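S.K.: Need coordinates for the following:
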Amino acid sequence: MSLHRAMFAALALAAAGCASKSGPAPAAEAPAFTLKGSRIIGCCCAAPCPCRINKKPMQCHGCDHTDAVRIESGHVGKTSMAGLAWVVAGRGFGEKTDANWVVVYLDDKATPEQEKALGDMLSGDLKAWGSKAKHLAGEFKGFKRVPITYTVSADRREYGAVIPGILELKTRAHVNPGHTEPVVSTGILDAFGDRFIHADCLSHKYKDAALGYSWDLSGRQANFAEFTLTPERVARGAIGWGCWTAHSEYNDHEKYQEQLIGHDPK
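M.R.: Down below sits the predicted model:
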């Protein structure tokens with residue numbers, strides 16, 4: 001699942017808005033950009049990810065998640081973003097928003113220009129989300145520079161990300177019996193597009209002693225996706241979380257999945 005202002009205005013505003021309402025921002029508001037890369041997501045829910053179809057997460061406490069992103073090629077204005085990697089970890093979509101939080105880990109090889117572009121991008125998302133920021137991100141716990149190893153197998157069916165001493169995330173594309181190609185979902189909510197590949201979560205271990213948060217979500221829900229973002233793709237809409245409404249504050253009174261099976265978290 002799961003998080004930037006002037007440089008990325010066209011991207012952030014279109015991505016955060018509902019597809020039926022979004023459109024390209026005036027060209028003067030942002031420089032040209034192209035971002036080609038991939039992202040991996042693992043969370044505490046069982047597969048498939050309910051948030052992607054605008055449903056509440058399995059647990060009332062929300063979605064504990066890790067989002068790892070790597071840009072293979074591209075630029076924002078004159079800033080090359082090639083090789084940039086970052087990881088977002090946190091809890092979102094919870095029934096009680098005061099328990100939501102997020103932290104951003106930036107690859108320590110990022111240039112100052114890349115760091116600024118990413119910071120602008122994340123800040124723009126938060127601004128565009130408006131009141132939904134407390135649901136989607138929550139309390140910001142910091143921006144940390146760390147060594148990140150982001151890997152993609154030669155057949156592009158295994159994706160992983162490692163932060164030594166903090167994160168181990170390994171996934172492999174899920175292929176159903178009798179099939180040769182991975183399971184794919186389209187028309188989903190996502191910050192980088194509207195399509196992803198379902199994955200088996202081989203390992204999802206996270207521990208940040210400084211923050212006091214940790215989990216082992218190996219075997220739970222995971223997915224990955226490749227993306228190419230350009231002003232033209234963004235203008236077509238269907239990117240982002242602006243249409244998400246799976247909370248009582250947005251008149252969604254459906255139960256969380258643990259409540260549906262008779263478990264009272266209180």
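S.K.: Would you mind writing the CA trace of stretch 80-98 as PDB?
M.R.: Coordinates of each C-alpha in stretch 80-98 appear next as PDB, following Å, rounded to 0.1, in the frame of the first residue of the first chain:
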ATOM      1  CA  SER A  80      18.400  12.400 -13.300                       C
ATOM      2  CA  MET A  81      16.500   9.900 -11.100                       C
ATOM      3  CA  ALA A  82      18.200   6.800 -12.500                       C
ATOM      4  CA  GLY A  83      19.200   4.400  -9.800                       C
ATOM      5  CA  LEU A  84      17.200   6.100  -7.000                       C
ATOM      6  CA  ALA A  85      15.700   3.700  -4.500                       C
ATOM      7  CA  TRP A  86      13.600   4.300  -1.400                       C
ATOM      8  CA  VAL A  87      11.400   2.400   1.100                       C
ATOM      9  CA  VAL A  88       8.300   3.500   2.900                       C
ATOM     10  CA  ALA A  89       7.200   1.500   6.000                       C
ATOM     11  CA  GLY A  90       4.300   2.200   8.200                       C
ATOM     12  CA  ARG A  91       0.700   1.600   9.200                       C
ATOM     13  CA  GLY A  92      -2.300   3.100   7.300                       C
ATOM     14  CA  PHE A  93      -6.000   2.600   6.600                       C
ATOM     15  CA  GLY A  94      -6.700   2.000  10.300                       C
ATOM     16  CA  GLU A  95     -10.000   2.400  12.000                       C
ATOM     17  CA  LYS A  96      -8.400   4.700  14.500                       C
ATOM     18  CA  THR A  97      -6.300   7.200  12.600                       C
ATOM     19  CA  ASP A  98      -4.100   8.200  15.600                       C
END
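S.K.: Now do the buried residues in it.
M.R.: Residues of stretch 80-98 classed as buried under the neighbour-count rule (16 or more other CB atoms under 10 Å) are 80-81, 83-95, 97. Every residue, glycine included, has its C-beta placed from N, CA and C.
S.K.: How about stretch 201-215?
M.R.: 201-206, 208, 213, 215.
S.K.: For the buried residues of stretch 80-98, name the two members farthest from one another.
M.R.: Based on CB to CB, the longest span within the buried residues of stretch 80-98 runs between Ser80 and Glu95 and measures 41.9 Å.
S.K.: if we can go back for a sec, which one of the buried residues of stretch 80-98 sits closest to Lys36?
M.R.: For Lys36, the closest of the buried residues of stretch 80-98 turns out to be Met81, at 9.2 Å, with distances computed as CB to CB.
S.K.: for that closest one, what are its contacts?
M.R.: The neighbours of Met81, taking CB atoms under 8 Å, 6 or more residues apart in numbering as the test, are 35, 71, 73-75, 114, 117.
S.K.: Quick check: the gap between Lys255 and Lys109.
M.R.: According to CB to CB, to the nearest Å, Lys255 and Lys109 sit 45 Å apart.
S.K.: can I assume Glu258 sits in a helix?
M.R.: Yes: counting by DSSP: H, G, I helix; E, B strand; the rest coil, Glu258 falls inside a helix.
S.K.: which non-adjacent residue is nearest it?
M.R.: By the measure of CB to CB, 6 or more residues apart in numbering, the closest residue to Glu258 outside its immediate chain neighbours is Gln59, 5.5 Å from it.
S.K.: repeat for Lys134
M.R.: Thr97 (4.6 Å).
S.K.: I'd say that neighbour and His135 touch.
M.R.: Yes: because the distance of 5.8 Å satisfies CB atoms under 8 Å, Thr97 is recorded as touching His135.
S.K.: related to what we said a few turns ago, and the residue nearest to Glu258, how far from Glu115?
M.R.: Distance, Gln59 to Glu115, by CB to CB: 34 Å.
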